[in-house]
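Engineer: everything below, folded, please.
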Amino acid sequence: MIRQWPFVAPAEWRSATPPIDTAEFAAFAKENISTEVLLAEGEWAGIKRSAGGESSGPTGLPWVDSNGWKIRLLSLQNPGKTVWIDSKEPGANEIIRFDRYLVGMADAAAHHGRWVLRFDPAFRRAMAGGDASARKNFARLKAAAEFFAAKDNLCNLPARAVTAVISDFSGANETFSQEILNLAARQHLPYLPLDKRQITTLPQGLKAVVYADEQPPSAQLRSLLSRFAEAGGVLMTTAAWGKPAGSPLPDSPTVRYAVYSAAKGRIAVPRGEDSGDPFLAAADAQVLLSHRNDVVRLWNGGAMGIYPTGDARRSVVHLISYTGRPAADPVSLWIQGDFQSVTIHSFEFESKKLPVIRRRNGVEVHLPPIAVYAAVEAVI
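Structural biologist: Now for the predicted structure:
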């Protein structure tokens, strides 16, 4: 991981008074990118805005743009590379609310990537002119960059999930499969992306698998997924899987899928010939799995994103407030596992231990106000 944070260095900063310290940042130029880096186009992370204000999705929650799913997928497909996300340059008259920069940094870093900072013209001019408010905000960016450079051990753990999404994520399958990744994250459904061209076995601990491609699986993959279901797993497929043997069970937890028994497990296939809406598919995956298999739960998080990593011995749960503001109500987090100690880390405040409340087969903690980002580390 390259420690300095990439940014487009404004020309007017070269003669700024007083000088601007950019030691924590690396000047970004596409023609000089390290071979360690994979550059991809992405979003300005945060709440999607419409003419009438904040936009909402079918759940009624604000519609969140995030680059996390793309960073994870590209990291899977390009092992050994650090993914940098580059978003469009702010317009000549566009003013970016400052917390959007911090949200963009946190969204990328939490998923072990980087997001190229591109400052709007008003901020560039204010910094060059020595504006005190702009310089104070820039110090917040420096603190975030320093934090993520020093705390890479919080961000380099594998995802912690009991659901896998299997696809080649390309060609005719690109839109549906990638949207499932994007929308599952929005709905707080932790997942592992798995490339069907690379797998011969499934990771231990999975409870559900989503086969997301519009072509039937190979004989080898069909056998692997069938055995998974027969051993007690939940297999959710596209229409390409075909109708399983036997009759569907009389009660399906979702109207869009017919559920068939498979020895100890279940296979769910769309009721029609179309695989449907990926947003609804992601929602149905959560319904079919049920919340009893959750590895994390968040209360009163609002538009807060959640990304659990690690395992039952050490888990780090990344929390990103995509509004750039603390939630209106006190937020609580539950993590599955017999953890003895929980510490919260952030560039917004000093790391501190949190009192642990034991609930069911996990621990619950009450969180301090989080404006942009925190990592909650639980250890046994």
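Engineer: and I267, which of the three is it?
Structural biologist: strand (DSSP: H, G, I helix; E, B strand; the rest coil).
Engineer: state the distance from it to L202.
Structural biologist: Distance, I267 to L202, by Cβ to Cβ, to the nearest Å: 15 Å. (Glycine included, C-beta is placed from N, CA and C.)
Engineer: just P253 next, same as before
Structural biologist: For P253 relative to L202 (Cβ to Cβ), the value is 23 Å.
Engineer: so what's the residue nearest to P248 when sequence neighbours are not counted bridging to?
Structural biologist: Sequence neighbours aside, A258 is the residue nearest to P248 in space, at 4.0 Å (criterion: Cβ to Cβ, 6 or more residues apart in numbering). In this structure, A258 bridges to V269 when assessed by DSSP bridges.
Engineer: and the one 4 residues further on, by the same measure?
Structural biologist: Note on A262: beta-bridge partners by DSSP bridges are G265.
Engineer: dump the residue contacts of it.
Structural biologist: 226, 229-230, 235, 244 (Cβ atoms under 8 Å, 6 or more residues apart in numbering).
Engineer: ok, now F7?
Structural biologist: 22, 25-28, 116-119.
Engineer: report all helices and strands that the helix or strand H318 falls within contacts.
Structural biologist: Counting by DSSP states H and E, the element that carries H318 is strand 314-321. Helices and strands touching strand 314-321, as assessed by 3 or more Cβ pairs under 8 Å, 6 or more residues apart in numbering; DSSP states H and E, comprise helix 99-110, helix 152-155, strand 304-310, strand 332-336, strand 373-379.
Engineer: redo that, cut-off 6 Å
Structural biologist: Under the contact criterion of 3 or more Cβ pairs under 6 Å, 6 or more residues apart in numbering; DSSP states H and E, strand 314-321 touches helix 99-110, strand 304-310, strand 373-379.
Engineer: angle of it against strand 373-379?
Structural biologist: Interaxial angle, strand 314-321 versus strand 373-379 (axes from the mean of the first three to the mean of the last three Cα atoms, to 10 degrees): 160 degrees.
Engineer: middle-most residue in the chain, spatially?
Structural biologist: The chain has G68 as the residue nearest its centroid, 3.9 Å off, counting by Cα atoms, centre = their mean.
Engineer: G113 is in contact with that one, correct?
Structural biologist: No - using Cβ atoms under 6 Å, G68 is not in contact with G113, being 8.1 Å away.
Engineer: if we can go back for a sec, give me phi/psi at the residue nearest to the centre of the chain?
Structural biologist: For G68, the backbone dihedrals (degrees, to the nearest 10) come out as phi -60, psi -50.
Engineer: with adjacent residues omitted, what lies nearest to it?
Structural biologist: The spatial neighbour of G68 that comes closest, neighbours along the chain excluded (Cβ to Cβ, 6+ apart), is H111 at 4.2 Å.
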